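Engineer: For reference, the sequence and a predicted model appear below.
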Amino acid sequence: MTQDNTSLTKRLAVVFPGQGSQTVGMMNELGEVHEVVRTTFAEASAALGFDLWEITQDETRLNQTEFTQPALLTASIAIWRIIEPMLAKQSLKPVYLAGHSLGEYSALVASGVLSLADAVRLVHERGKLMTAAVSGIDTQMAAVLGLDDEQVLSLCEEISSSVGVVNAANFNSVGQVVIAGTQIGVEAVLSAVEGLGKKAVPLKVSVPSHCALMNPANEALAKLLDGTKFYPANIPVIQNRHAKVHTEIADIKLALTEQLSMPVQWAKTMQKLADGQVELIIECGPGNVLSNLAKRQQTPITALPTDKLARLEKLENLA
């Protein structure tokens, strides 16, 4: 009987960041040392018909959602292609993959469910659909700190019924919920939060993800997903919609569609990893947002970011 290697070595999960983690030149350092970075960007650029690496050097274009999404996905997969053989050399394989919002698409590529070419085309179009859904509407996102989930949900429900659309968009960790919606709705919630003596931080984003304003984009995204080839996963992916692993292709596609206008259940995803006795989280992509969030969960898990050469060195001896 073959024994599962994951029972013999450190149990780890790999997570992929979403929008907001991008920075100009974010892959320059790794690209100078690891040829796979440039070849991965070349592969994605060929699929899209424009130079994605060039966009990572241009702040204005990089921060436009239709370009942010394929650029971040490609950066994350370039790093995955660096670290996967490093892990394999130590007989390590993640027991789970997960991605925050857009990062879910990166996780699906890493698991073999989507090809890189199909994924970058999907998220490029996804970005366009998201932008079109709120054309002519003043929108905003903000992070609410220090309130529990139910308090934030209650505030959003009250404001949405009387002032303007605002929904909980990301349940990130204990005491951190991101909200999204119309500018007037979000600002009304922020005022109420301040009135309760808590803190709220407006976020610099171009579209309000994971809220009811994205509903007009759902049908078109579903059609794009239906026209895309999906494959069985090599590694289980915990999806945002229900913090659950789906094995049926139809369920994976439905979760991706609903994710567009429903909240990211990141705190529940992290708890699922903890319940699965994951000892280490590797953040595979630019920045360290998810590594920082891992420290703030109900059950904290050690996390390592991987976007710098010095950080990658820490992956050499994990087993």
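Structural biologist: Sure, I can see it.
Engineer: and stretch 84-94, what's its mean pLDDT?
Structural biologist: The pLDDT scores in stretch 84-94 average 95.
Engineer: Kindly apply the preceding question to stretch 278-294 instead.
Structural biologist: 97.
Engineer: Also stretch 249-269?
Structural biologist: 98.
Engineer: What residues sit buried inside that stretch?
Structural biologist: Using 16 or more other Cβ atoms under 10 Å as the test for burial, stretch 249-269 gives 252-269. Heads up, the C-betas are built off the backbone N, CA and C, glycines and all.
Engineer: Then stretch 193-209?
Structural biologist: Val193, Lys198, Ala200, Leu203, Val205, Ser206, Val207, Pro208, Ser209.
Engineer: As CSV, could you dump the C-alpha coordinates of that stretch?
Structural biologist: In CSV, the C-alpha atoms belonging to stretch 193-209 read as follows (Å, rounded to 0.1, in the frame of the first residue of the first chain):
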residue,chain,number,x,y,z
VAL,A,193,-18.4,52.9,12.0
GLU,A,194,-16.6,56.0,13.2
GLY,A,195,-19.6,56.8,15.3
LEU,A,196,-19.1,53.5,17.1
GLY,A,197,-15.5,54.5,17.8
LYS,A,198,-14.0,52.0,15.3
LYS,A,199,-11.8,52.5,12.3
ALA,A,200,-12.5,52.3,8.6
VAL,A,201,-9.9,52.7,5.8
PRO,A,202,-11.0,53.6,2.2
LEU,A,203,-9.2,51.4,-0.4
LYS,A,204,-7.8,52.5,-3.7
VAL,A,205,-9.5,50.2,-6.2
SER,A,206,-11.0,50.9,-9.6
VAL,A,207,-14.2,48.7,-9.2
PRO,A,208,-16.2,47.5,-6.2
SER,A,209,-15.7,43.7,-6.2
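Engineer: Give me the residues contacting it.
Structural biologist: In this structure, residues lying in contact with stretch 193-209 by Cβ atoms under 8 Å, 6 or more residues apart in numbering are 19-20, 63-65, 68, 101, 127, 130-131, 133-134, 139-147, 151, 155, 169, 178, 180-182, 186, 189-190, 214, 260.
Engineer: Show me just the buried residues among those residues.
Structural biologist: With burial judged by 16+ other Cβ under 10 Å, the buried subset of the contacts of stretch 193-209 is 19-20, 63-65, 68, 101, 127, 130, 133-134, 139-144, 147, 151, 155, 169, 178, 180-182, 186, 189-190, 214, 260.
Engineer: Out of these, which sit inside strands?
Structural biologist: Those of the buried ones among the contacts of stretch 193-209 mapping onto strands are Thr139, Gln140, Met141, Ala142, Ala143, Val144, Ala169, Val178, Ala180, Gly181, Thr182, per DSSP state E.
Engineer: measure the nearest residue in space to the last one that is not next to it in sequence to Cys156 for me?
Structural biologist: Meaning Thr182. In this structure, Thr182 finds its nearest non-sequential neighbour in Gly164, 3.9 Å apart by Cβ to Cβ, 6 or more residues apart in numbering. Using Cβ to Cβ, to the nearest Å, we find Gly164 at a distance of 11 Å from Cys156.
Engineer: any idea which of the buried residues of stretch 193-209 is closest to Ile83?
Structural biologist: Comparing the buried residues of stretch 193-209 against Ile83 with Cβ to Cβ places Ser209 closest, at 26.7 Å.
Engineer: Shouldn't the closest one be within a helix?
Structural biologist: No. Counting by DSSP: H, G, I helix; E, B strand; the rest coil, Ser209 is not part of a helix but coil.
Engineer: Now it: phi and psi?
Structural biologist: Main-chain dihedrals, Ser209, degrees, to the nearest 10: phi -70, psi 160.
Engineer: Spatially nearest residue to Gly127, not counting backbone neighbours?
Structural biologist: Glu66 (3.5 Å).
Engineer: which residues touch that neighbour?
Structural biologist: So Glu66 contacts His124, Glu125, Gly127, Lys128, Thr131 (Cβ under 8 Å, 6+ apart).
Engineer: Asn317 too?
Structural biologist: Asn317 neighbours (Cβ under 8 Å, 6+ apart): Gln90.
Engineer: Against Ala78, how distant is it?
Structural biologist: Relative to Ala78, and taking Cβ to Cβ, Asn317 is found at 23 Å.
Engineer: Kindly report the same for Leu87.
Structural biologist: Per Cβ to Cβ, Leu87 is found 16 Å from Ala78.
Engineer: go on, Ala310?
Structural biologist: 17 Å.
Engineer: give me the low-pLDDT residue ranges for the stretch 101-250 of the chain?
Structural biologist: Applying pLDDT under 70 to the stretch 101-250 of the chain picks out no residues at all.
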